[in-house]
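S.K.: here is the input, now give the coordinates:
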Amino acid sequence: MNEFEIIQSYFHKSTYDDTNNVVIGVGDDAAIVSLNSDEHLVVCMDTLVSGVHFPEATRPEYVAYKALAVNLSDIAAMGAIPRWITLSITYPEQNEFWFKAFAKGFYSLANIHSLSLIGGDLSRGPLSVTVQVQGVLNKYRQPLSRAGAQVGDDIYISGELGAAAYALKSILEKEQWEAASDGELARLNRPEARVKLGQALSGIANSCIDISDGLNADLTHILNASGVGAELNLSLLPMSTSLKKIDINSAYELAMTGGDDYELCFTLPSDINNEQLAELNAICSISHIGKIISDKGLVLKDENNHKVILSKMSYRHF
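M.R.: Numbering: from 1, shown residues only. Model (predicted):
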């Protein structure tokens, strides 16, 4: 069983079924809880483990920045406004230099979004970092979620794909891959969560997810939650500069399955007007890459309209 099957089998339902207050529960990028006011509380949490989510030699300020950014990306996927943070660190020894650098990287991003650190935990053990972000969402505005994609919707993604995956390859497999650019290394160590775009998509997009495990896996989550299928044109994928220089099939696989992109994948009604698209593009670049169809499953095609079968799958913990 992979991690998603484990969650579905054993942790999908809470022990206390508080259906009156839980708007969106287990199975999306974040949970949404009604506070019986004008706002919903949006909560997400991610753990980063040394050697799994980042190379062991990664600088502490980059570990901190990324640990917060990946959670902000989940908040963005719900269209929410981030407000508060809790932080838990497990570290093998007392190391004042490491904690000082970590705090610098952490607050450099927290201050950009005016976030308050309100609690957490510090323990001795193998290096791991867990961040929880709480945000708010207008109670009377339709939240973004994975469920909601409609047949005929156009599929979009923000930014570009594959930069972080290529950077990681260049670090771990130096002999086989050319050095990554500074921009690609920044996408790996200091990803930009599309918080403003997520807020702009609220009330416009029919579905949304952040791309953390790779577009292949994350778009499939939208399809499964919405009960639809999709057809993608791989030649329309906005890929990083280094991916454009390598074999096209390898480039497609890294773009689709490499992960660590932290862009948003979302579906828009086909009749959305050009003015709205221009407003979204003004926040960050967005690319139309495919369409939602009625037949279940994800169909990939190349520039010649031939079907493409990926030889690799997106990352799985189990």
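S.K.: residue 39 against residue 138, yeah?
M.R.: Yes: with contacts counted by Cβ atoms under 8 Å, residue 39 reaches residue 138, the gap being 6.3 Å. Backbone N, C-alpha and C define where each C-beta goes, glycine included.
S.K.: for the spatially most central residue of the chain, which residues are in contact?
M.R.: Centroid check for the chain by Cα atoms, centre = their mean gives residue 210 as the closest residue, at 3.0 Å. By Cβ atoms under 8 Å, 6 or more residues apart in numbering, the contact list for residue 210 reads 29, 73-74, 76-77, 193-194, 218, 262-265.
S.K.: pLDDT check: weakest of those?
M.R.: Note: of the contacts of residue 210, the lowest pLDDT belongs to residue 29, at 61.
S.K.: circling back: ok, and the most crowded of the contacts of residue 210?
M.R.: Among the contacts of residue 210, residue 77 has the most neighbours (other Cβ atoms under 10 Å), with 32 neighbours.
S.K.: so how far is residue 246 from that one?
M.R.: Counting by Cβ to Cβ, to the nearest Å, the gap from residue 77 to residue 246 is 29 Å.
S.K.: wait, residue 194 sits on residue 264?
M.R.: Yes: with contact defined as Cβ under 8 Å, residue 194 reaches residue 264; the gap is 4.9 Å.
S.K.: joint contacts of those two?
M.R.: Jointly contacting residue 194 and residue 264 under the rule Cβ under 8 Å, 6+ apart are 73, 76, 158, 210.
S.K.: got the CA coordinates for the helix or strand where the first one lies in PDB?
M.R.: Read that as residue 73. Taking DSSP states H and E as the criterion, residue 73 maps to helix 60-77. What follows is helix 60-77, C-alpha atoms only, in PDB (Å, rounded to 0.1, in the frame of the first residue of the first chain):
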ATOM      1  CA  PRO A  60      19.600  24.900   7.600                       C
ATOM      2  CA  GLU A  61      18.100  28.200   6.300                       C
ATOM      3  CA  TYR A  62      17.000  26.300   3.100                       C
ATOM      4  CA  VAL A  63      15.400  23.500   5.200                       C
ATOM      5  CA  ALA A  64      13.500  26.100   7.200                       C
ATOM      6  CA  TYR A  65      12.400  28.100   4.100                       C
ATOM      7  CA  LYS A  66      11.200  25.000   2.300                       C
ATOM      8  CA  ALA A  67       9.400  23.500   5.300                       C
ATOM      9  CA  LEU A  68       7.300  26.600   5.600                       C
ATOM     10  CA  ALA A  69       6.900  27.100   1.800                       C
ATOM     11  CA  VAL A  70       5.400  23.600   1.200                       C
ATOM     12  CA  ASN A  71       2.700  24.300   3.800                       C
ATOM     13  CA  LEU A  72       2.000  27.700   2.300                       C
ATOM     14  CA  SER A  73       1.600  25.900  -1.000                       C
ATOM     15  CA  ASP A  74      -1.200  23.800   0.500                       C
ATOM     16  CA  ILE A  75      -2.900  26.900   1.900                       C
ATOM     17  CA  ALA A  76      -2.700  28.400  -1.600                       C
ATOM     18  CA  ALA A  77      -4.400  25.400  -3.100                       C
END
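S.K.: re the thing from before, farthest-separated two in the shared contacts of residue 194 and residue 264?
M.R.: 73 and 158 (10.4 Å; Cβ to Cβ).
S.K.: common neighbours of the two, please.
M.R.: By Cβ under 8 Å, 6+ apart, the residues touching both residue 73 and residue 158 are 194, 264.
S.K.: which intervals of the stretch 201-318 of the chain have sub-threshold pLDDT?
M.R.: Under the criterion pLDDT under 70, the flagged ranges of the stretch 201-318 of the chain are 313-318.
S.K.: all strands of it, in order?
M.R.: 207-211, 229-233, 263-268, 286-293, 297-301 (DSSP state E, counting those that start in this stretch).
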